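[1] Structural data only, the sequence is not supplied:
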């Protein structure tokens, strides 16, 4: 089993829809969690951190479920510009233990 | 947010030559940096973990003699692709980790070996 797993997608949804995807992790000792966004032919960029209490930033909501060992990202009122690959990142407690998921591709259609 | 500078952003080289890529953390010290490779429409593949002042840790299948990593200071790591061949053509990305364990990426280097 991979340490961090994501549904690769693609998720193809209409503009304005709400879309959510999860990321599961295997190391129960993981301490830090993040969502990154990567546009085509660009480097990944930090989208948001995921806190135990959840985290909301505008249309984006990230949640952590430690019991089931997954994090989620919810995008409301999706825009065409949200089309990208979303990567989850899990950290096992040190700078050298950062694990990236393989990414979920999201495509928003008009 | 933190800035990581990577250059060159693109390079074309002849087969058999070596290419050096630099990765700098501009506003924080990074004891650990990572080097990734990404082929078109594929996910990031971790090549190696670079630790300041010590040898890099390479992922399985990555040739350490071909991909030389030097992390000479807390703000600079370099990746040298030695004796490059066309199959080494790819998008190489570095990242540096801050104290909060957030990873910040360089802009990437698109390497084309002809």
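    All right, it came through fine. Everything quoted here is computed from the prediction, not taken from an experiment.

[2] Report the contact partners of residue 76.
    Because you didn't say which chain, this covers chain A. A:18, A:59-61 (Cβ atoms under 8 Å, 6 or more residues apart in numbering or on different chains). In short, each C-beta sits where N, CA and C put it, glycine included.

[3] my bad, the chain I had in mind was chain B
    For residue B:76, the contact set (Cβ under 8 Å, 6+ apart) comprises B:22-25.

[4] which residues does it bridge with?
    Each beta-bridge partner of residue B:76 is listed here, defined by DSSP bridges: residue B:24, residue B:73.

[5] if I look at the residue nearest the centre of chain B, how far off is residue A:72?
    Nearest to the centroid of the C-alpha atoms of chain B, with distances taken as Cα atoms, centre = their mean, sits residue B:35, at 3.8 Å. Distance from residue B:35 to residue A:72, counting by Cβ to Cβ, to the nearest Å: 29 Å.

[6] Tell me, how many residues neighbour the nearest residue to residue A:27 once chain neighbours are set aside?
    The shortest distance from residue A:27 to any non-neighbouring residue, by Cβ to Cβ, 6 or more residues apart in numbering or on different chains, is to residue A:92 (5.4 Å). Neighbours of residue A:92 under the rule other Cβ atoms under 10 Å in any protein chain shown: 17.

[7] List the residues that contact residue A:92.
    By Cβ under 8 Å, 6+ apart, the neighbours of residue A:92 are A:27, A:29-31, A:98-99.

[8] if we can go back for a sec, compile the contacts of residue A:76 into TSV and extend it with columns for pLDDT and neighbour count.
    TSV is the format used below for those (pLDDT from 0 to 100; neighbours: other Cβ atoms under 10 Å in any protein chain shown):
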residue	pLDDT	neighbour count
A:18	97	12
A:59	97	13
A:60	97	17
A:61	97	18
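
[9] Can you list the low-confidence ranges for the chain?
    Answering for chain A, as no chain was given. Counting by pLDDT under 70, chain A has low-confidence residues at A:1, A:93-96.

[10] should've been chain B
    Scanning chain B residue by residue, the ranges that satisfy pLDDT under 70 are B:1-2.

[11] hmm, back to that, most widely separated two among the contacts of residue A:76?
    A:18 and A:60 (11.1 Å; Cβ to Cβ).

[12] intersection of neighbour lists for these two?
    Taking Cβ under 8 Å, 6+ apart as the contact criterion, the residues that touch both residue A:18 and residue A:60 are A:74-76.

[13] in stretch A:99-109, what counts as buried?
    A:99-106, A:108 (16 or more other Cβ atoms under 10 Å in any protein chain shown).

[14] Oops, could you answer that again for stretch A:26-45 instead?
    Buried residues in stretch A:26-45, counted by 16+ other Cβ under 10 Å: A:30, A:32-38, A:43-44.

[15] Equivalent analysis for stretch B:6-22, please.
    B:6, B:11, B:13, B:19, B:21-22.

[16] want to try JSON lines for those residues, with distance to residue B:84 and secondary structure as columns?
    Compiled in JSON lines, the buried residues of stretch B:6-22 are given as follows (distance: Cβ to Cβ, whole Å; DSSP: H, G, I helix; E, B strand; the rest coil):
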{"residue": "B:6", "distance to residue B:84": "17", "secondary structure": "strand"}
{"residue": "B:11", "distance to residue B:84": "10", "secondary structure": "strand"}
{"residue": "B:13", "distance to residue B:84": "6", "secondary structure": "strand"}
{"residue": "B:19", "distance to residue B:84": "6", "secondary structure": "strand"}
{"residue": "B:21", "distance to residue B:84": "11", "secondary structure": "strand"}
{"residue": "B:22", "distance to residue B:84": "16", "secondary structure": "strand"}
